[in-house]
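J.: sequence first, predicted coordinates after that:
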Amino acid sequence: MDSNLSRGHGAVSIRLVRSRDARVLQNELLTNRAWLQPWEATSPRGAGTIDMRLSIRRLLQQHRDGGGVPLVIEYAGEIAGQLNVWGIARGSLESATIGYWVSERFAGKGITPTAVALATDLCFFELGLHRMEICMRPENVASLRVAQKLGFRYEGYRSRFIHIDGDWRDHYAFALVREDVPDGVLKRWVEGRVPPTAGEIPAA
């Protein structure tokens with residue numbers, strides 16, 4: 001099954017997370033605190049410690065239960081971040097949400113849009129999902145660019161939606177359905193066929 005959950009394009013690849021990735025991922029999170037903290041999910045019940053081994057165990061259990069796909073992002077064979085497909089709903093929805101982070105030292109290399117495109121295609125064509133969503137804070141300009149670059153459609157404003165960096169934060173929601181990208185998200189983007197108005201946020 002792991003081979004079906006691995007995809008790559010150029011120097012960027014995604015694969016299912018492994019228990020032995022814990023040390024590298026924890027080190028990346030700890031050394032990138034200032035970079036990641038403004039966008040990092042937190043608990044309203046109070047701060048917890050970073051325990052990547054426990055986190056990976058839980059994510060892999062979710063995966064076994066069919067609720068998510070925890071992926072590692074690699075650049076030229078080196079771990080650059082994580083991308084989690086979570087909240088998989090089957091039946092009449094066939095949908096899921098994507099969340100991700102990339103270390104600061106890998107920023108500006110086109111890694112995030114490539115990884116998001118690879119993961120969305122994996123979900124559409126390997127997992128048979130119909131709709132993929134990304135939610136992000138309006139202040140997260142880099143993530144907004146990712147959604148717009150790949151042609152995710154703006155679908156609305158969610159007030160105080162997710163607990164981020166110590167408080168409930170507003171989010172924009174973007175989504176794609178499989179019919180939007182019959183040849184795949186990555187192929188449409190690489191070939192320059194993303195509609196120029198895709199991802200536009202309407203004036204308030």
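T.: Arrived safely, thanks for sending. All figures in this text were calculated on a predicted structure; none of them were measured in a lab.

J.: quick check, central residue of this protein?
T.: In the chain, the residue lying closest to the centroid (CA atoms, centre = their mean) is residue 99, at 3.2 Å.

J.: over to that one. Which of the three states is it?
T.: strand (DSSP: H, G, I helix; E, B strand; the rest coil).

J.: how about the residue nearest to it when sequence neighbours are not counted, what does it touch?
T.: In space, and not counting its chain neighbours, residue 99 is closest to residue 84: 5.1 Å by CB to CB, 6 or more residues apart in numbering. All C-beta spots, glycine's among them, are computed from the backbone N, C-alpha and C. By CB atoms under 8 Å, 6 or more residues apart in numbering, the residues touching residue 84 are 59, 68-71, 98-100.

J.: and residue 57, by the same measure?
T.: residue 19.

J.: what is the least confident helix or strand in this protein?
T.: helix 33-36 (a mean of 90; mean pLDDT, DSSP states H and E).

J.: buried residues in the following helix or strand past it?
T.: The element immediately downstream of helix 33-36 (helix or strand, assigned by DSSP states H and E) is helix 52-64. Of all the residues in helix 52-64, those buried under the rule 16 or more other CB atoms under 10 Å are 52, 55-56, 59-60, 62-63.

J.: so which of those residues is the closest to residue 8?
T.: Nearest to residue 8 among the buried residues of helix 52-64: residue 63, at 19.7 Å, using CB to CB.

J.: my read: that closest one touches residue 70, true?
T.: Yes. At 6.0 Å, residue 63 counts as touching residue 70 under the criterion of CB atoms under 8 Å.

J.: shared neighbours, those two?
T.: residue 16.

J.: circling back to that earlier point, for residue 182, see how far away the residue nearest to residue 99 is.
T.: Plainly put, residue 84 is 26 Å away from residue 182 if you go by CB to CB, to the nearest Å.

J.: before we move on, what about residue 165?
T.: Counting by CB to CB - residue 165 and residue 182 are separated by 38 Å.

J.: more neighbours: those two, which one.
T.: Per other CB atoms under 10 Å, whichever of residue 165 and residue 182 has more neighbours is residue 165, with 13 against 9.
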